[in-house]
Every structure is written in structure tokens, then in C-alpha cells.
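Asks: can you look at this prediction? I've put the sequence above it.
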Amino acid sequence: MPSSTAQPEATSPKRVRITDLRYPVLTESQQQTWAYAEANPITLSVDSVLSAAREQTGLGDFGPDDFRERLALWLDEIDADPNRSPVSRMTTHAACTRYAANRLRVLDVLRRHPEIHDEEIVAPIIVVGLPRSGTTHLLNLMSADSRFRSLPLWESQEPVPFAGDELGVDGVDPRLLRSQERWNQMQAKSPLVAAMHPMTPEHIHEELELESLDFSSYNFEWMSSMAPRWRDYYLAHDQRPHYEFIKTMLKLLQWLRGPNRWILKCPQHLEQLGPLMDTFPDATVVMTHRDPVSVVQSAATMVGYGARMNFHELDLDAVCDYWIDRVSRLLDAGTRDLALIPDERRVDVYFDQFMANDIGTVEHIYNRAGLEMTEQARGEIREYMSSHKRGSGGQVVYDLRADFGREPAELRTRFANYFDAFSVKVEVL
């Protein structure tokens, strides 16, 4: 277990410097979580996960069995690594059980309501771009427009209600309350996460959470900090069947409640533009662009901070190398496959310009998508911005040199092809 003395992380309520990134110092809550996981060892196997999901739901039909191979690889990637912490084992089992239980509930609804398959997903707006490049902020801005259907975190975590769920007297969905409890626990265990990537229940989330019910997305790499065996398997297999799974999930959610024009986003789509466009051929694709060195600096810090709970001995250099490679793969694939997006339905959004003109950027996207920026939409977006000030949860101060020993200029050569293709402003000097 990492050191467990007092944790010297925050330098002020707003600007936060993580001083123990390389040699983690656990908070009291993190120590308690570690001790609990150590005292309650987990068996990581397909049978243990599926048995737990059956017990939770009272259901037993998981549909086609091909997902078992993928689930087995997820579990074995953690189980076979002696450096994995008991917390990593516990959280992996819990996440996989939740996905399996949700799969059971979803397939049960689909069997009872075959008309769901007749739903149509028409002309979605899909944001693609590197993680930490403004995709989340852009998604949440457009999702404030009530004409759109989006995926709040609470719904992505539990796409269909549990048996016996009923709205409270205040009209609140029990799924939202359970999501709030998860967020409370996450903040207690990882107190700086709100400053890097808030996960409040109403926060609009990525559809890769839906794909996780089919156990095929790069989401597992984020969950586990690094997953090279899964990465290689996932990249070697055609993801079109799993994008069709996402589409079916969207039909189900649309059938449950409208409106019916979707706003979606996921950085994974950068390396899956073929499956994405085959599945949603009439989509408007919004591609965000940001200095990939800044992305690496931010992503490696965020993953490295979470990794303190995933390993007995944290190798921060390995975490950094892994996510440099992942960012490079995403950019190489996205640049290579750019022509798969019709020019008239691609919108490029540059991070610096977006940050300087939030609403103007959204209006530009709407113009390209053939959608009017109404006064009501403008007001809804402004109201969202007013109640969700950037940096209100604190702002982490990132430092690629001090934390990872990497020189930005040297690292930038790794992304030369991307800089040749796009006029991206250099941020980290």
C-alpha cells in the first residue's frame, strides 16, 4: 500500500497542485477502502460476475455468448497482475457486475417490447476528439438545449429501472439517487476528481458506457489505468457489432423518453470512424482539436491520480507512456480515416477558439447541422454556463516536466502528422 501519512495535495481551494503524484500518500478514506478490499478478497471470474448479476436482477438470459470472451479478458488482465491492488480487483468486479446486470435488464425489456427496434436514430450530432480536449464541455453545452436527447450519467449507469423502482413523491428517479451516492463515494475516495472531471449525476456522459454492457470499448483502459492486453484485442477486432449495440441502446432509451435527436460524444470514436459512420451515416460529426501534449499532460495526471488505488507499487512513468501511446493511436487513426466523414457534415472545433467563444462555437455547429439557434436555446445554454462555471470545483495545475520528466517539444514530435493536418495552437512550451 502507498504511504498513509497526511496527504499534501491542495495548495488552495481553487488551484490545486498534486505534489504526491509519483509517491502517493493516501487519505484516511482511501486507506479505509484499501483495508476493506484487502479484508474481503474478490474472485475475478466470469462465473462470479454473472452469478452476482443474476442474483441482483432475478434474470438469467444474457443473450449471445460472445461477450464472455471479452469479459474473461477484462477480468484476467487484472487477476493475472500481481501488482494489482485489492481495490482494483474489487472495483473491477463491481463494475463488471453492474454491466452484466444492466445487460440482463436491457435484454429483458427488448424481448418484451420488440417494437423498440423500430425506433429510428435520425441525424445525431456526435462529438469526437481527444480526451481532455473540450469534448465534455461542448457536449454539456449543446445538451442544455431542450430540443436534444442526451445521456446523463445517472441514466448511463442504469439505462433501465430496477424491478420495483418507483419515482419518489418528489418525482426523483431512484437511479439518480443511487448515482448521487456513487458520486459522494467517489469524492470521498478521490477528493481531487471534481477538479479534473466532475461526475455529478446530471452530468452528460459518453455513450461508451452503454457499449460497456457488451464488454467492448476502450472504457476498460480508463477504469484500470492501463490494459495493454485488452487494448490489443479491442483494436484487432471489428467494432461494428458493438456500435450496433450502442445504436440499439439509444433506441431503447429514446423509446423510454424523448426528445429524439441525439447529442453524443466519445473520444474512442476517433479510432473507430469507420464503424461510427457505418452505424450513423447521417450524423454531423464535430471534431475537437487541442495540443496533444496538453492532452497527455492532463490525461496522464488524471489517470495517474486514480492509479494510486489500482496498484501496490505505482509506476507513473508506465502510466504516462501508456497514455502517450493511446493519444498517438487515436490521432493517427482519426487523421488516417478523416475522409470517411463527408466534408459537409464535419465541423472542426479548435480548443482555444472554443474557450474564447462558447456559444458562438455551438451556433457554428448548429449552422452546419441545419439547426437554428433559437432565443430559447441560447437562453438554456447561457443558464447552463451560469450554473456550471468552469473551474468551480477547483483547477489542477499540470506540469509535464516536474511530474513526468518529459520535455514538451520532444514529445510533440510524436504528433507531427497531426500538426501537419490541423492548425492546432501549441499550449505547453
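Replies: It's in. Numbers count the residues shown, from 1 in each chain.

Asks: outside of the helix or strand containing residue 31, which residues touch it?
Replies: In this assignment (DSSP states H and E), residue 31 forms part of helix 28-39. Applying CB atoms under 8 Å, 6 or more residues apart in numbering, the contact partners of helix 28-39 are 1, 4, 26, 85-87, 89-90, 188-191, 308-309. Every residue, glycine included, has its C-beta placed from N, CA and C.

Asks: least trustworthy position among those, going by pLDDT?
Replies: When those are sorted by pLDDT, the bottom entry is residue 4 at 57.

Asks: helices of the stretch 201-350 of the chain, residue ranges please.
Replies: Ranges of helices within the stretch 201-350 of the chain are 208-211, 219-224, 228-236, 240-256, 273-279, 292-307, 316-336, based on DSSP state H, counting those that start in this stretch.

Asks: what sits up against the second one?
Replies: Right, helix 219-224. 74, 77-78, 88, 91-92, 95, 208-209, 211-212, 227, 230-231, 268, 303, 310, 326.

Asks: report the contact partners of residue 182.
Replies: residue 157.

Asks: now swap in residue 299 and tell me
Replies: So residue 299 contacts 131, 132, 323, 327 (CB under 8 Å, 6+ apart).

Asks: per-residue confidence for it?
Replies: Model confidence at residue 299 (pLDDT) stands at 93.

Asks: from residue 385, how far off is it?
Replies: Remark: distance between residue 299 and residue 385 (CB to CB, to the nearest Å) = 25 Å.

Asks: wait, residue 283 sits on residue 276?
Replies: Yes - in this structure, residue 283 is within contact of residue 276 by CB atoms under 8 Å, at 7.4 Å.

Asks: for the two, list the residues in contact with both.
Replies: Common neighbours of residue 283 and residue 276 (CB under 8 Å, 6+ apart) are residue 126.

Asks: so what touches the lowest-mean-pLDDT helix or strand in the chain?
Replies: Counting by mean pLDDT, DSSP states H and E, the chain has its least confident helix or strand at helix 193-196, which shows a mean of 75. Applying CB under 8 Å, 6+ apart, the external contacts of helix 193-196 come out as 16, 186-187, 199, 298, 301-302, 305-306, 393-396.

Asks: repeat that for stretch 361-380.
Replies: Outside stretch 361-380, the residues that touch it by CB under 8 Å, 6+ apart are 123, 125, 138, 141-142, 144-147, 284, 286, 344-345, 347, 349, 353-354, 359, 381.

Asks: can you go through the residues you listed and name the buried ones?
Replies: 123, 125, 138, 141-142, 144-145, 284, 286, 345, 347, 349, 354, 381 (16 or more other CB atoms under 10 Å).

Asks: quick one: buried residues of the longest helix along the chain?
Replies: Longest helix in the chain by number of residues (criterion: DSSP state H): helix 86-112. Neighbour counts using 16+ other CB under 10 Å place 86-93, 95-108, 110 of helix 86-112 among the buried residues.

Asks: what two of the contacts of helix 28-39 are the furthest from one another?
Replies: Spatial extent of the contacts of helix 28-39 (CB to CB) is set by the pair 89 and 191 at 22.5 Å.

Asks: could I get the average pLDDT for the helix or strand just after the helix holding residue 31?
Replies: Moving toward the C-terminus from helix 28-39, the next helix or strand (DSSP H and E) is helix 46-57. Mean per-residue pLDDT for helix 46-57: 98.

Asks: stretch 372-379 now?
Replies: 97.

Asks: next one: stretch 140-150
Replies: Rounded to a whole number, the mean pLDDT of stretch 140-150 is 96.

Asks: start to end distance for it?
Replies: Distance between the two ends of stretch 140-150: 9 Å, counting by CA to CA, to the nearest Å.

Asks: same question, stretch 114-126
Replies: First-to-last residue span, stretch 114-126, CA to CA: 27 Å.

Asks: for the most centrally placed residue in the chain, give me the pLDDT.
Replies: The geometric centre of the chain, computed from its C-alpha atoms, lies nearest to residue 206 (CA atoms, centre = their mean), at 5.4 Å. For residue 206, the pLDDT comes out at 93.

Asks: so who does it touch?
Replies: Residue 206 neighbours (CB under 8 Å, 6+ apart): 151, 156, 264, 265, 266, 267, 268.

Asks: what do you get for residue 233?
Replies: With contact set as CB under 8 Å, 6+ apart, residue 233 has these partners: 70, 73.

Asks: that older thread, among the contacts of residue 299, which ones are buried?
Replies: Using 16+ other CB under 10 Å as the burial test, the contacts of residue 299 include 131, 132, 323, 327 as buried.

Asks: from residue 306, how far off is the third one?
Replies: Distance check for residue 323 against residue 306: by CB to CB, it reads 12 Å.

Asks: again with the last one
Replies: According to CB to CB, residue 327 and residue 306 sit 17 Å apart.

Asks: what residues are up against residue 61?
Replies: Counting by CB under 8 Å, 6+ apart, residue 61 makes contact with 104, 107, 108, 111.

Asks: helix, strand, or coil at it?
Replies: State at residue 61, reduced to three classes by DSSP: H, G, I helix; E, B strand; the rest coil: coil.

Asks: which non-adjacent residue is nearest residue 63?
Replies: residue 107 (4.9 Å; CB to CB, 6 or more residues apart in numbering).

Asks: same check on residue 146?
Replies: Per CB to CB, 6+ apart, closest to residue 146 is residue 380, 6.0 Å.

Asks: the one you found should be in a strand, yeah?
Replies: No - counting by three-state DSSP, residue 380 is not found in a strand; it is helix.

Asks: number of nearby residues for it?
Replies: Counted with other CB atoms under 10 Å, the neighbours of residue 380 add up to 17.

Asks: what of the one 4 residues further on?
Replies: Taking other CB under 10 Å as the criterion, the count of residues near residue 384 is 16.

Asks: what's it sitting at in phi/psi?
Replies: When quoted as degrees, to the nearest 10, the phi and psi of residue 384 stand at phi -60, psi -50.

Asks: spit out the contact partners of it.
Replies: Neighbouring residues of residue 384 by CB under 8 Å, 6+ apart: 140, 141, 144.

Asks: surely the second one meets residue 358?
Replies: Yes - at 6.2 Å, residue 141 and residue 358 qualify as touching, with contact defined as CB under 8 Å.

Asks: between the two, what contacts are shared?
Replies: By CB under 8 Å, 6+ apart, the residues touching both residue 141 and residue 358 are 381, 385.

Asks: ok, back up a step: mind checking how far the residue nearest to the centre of the chain is from residue 290?
Replies: Between residue 206 and residue 290 the computed distance is 17 Å (CB to CB).

Asks: do the same with residue 356
Replies: In terms of CB to CB, residue 356 sits 13 Å off from residue 290.
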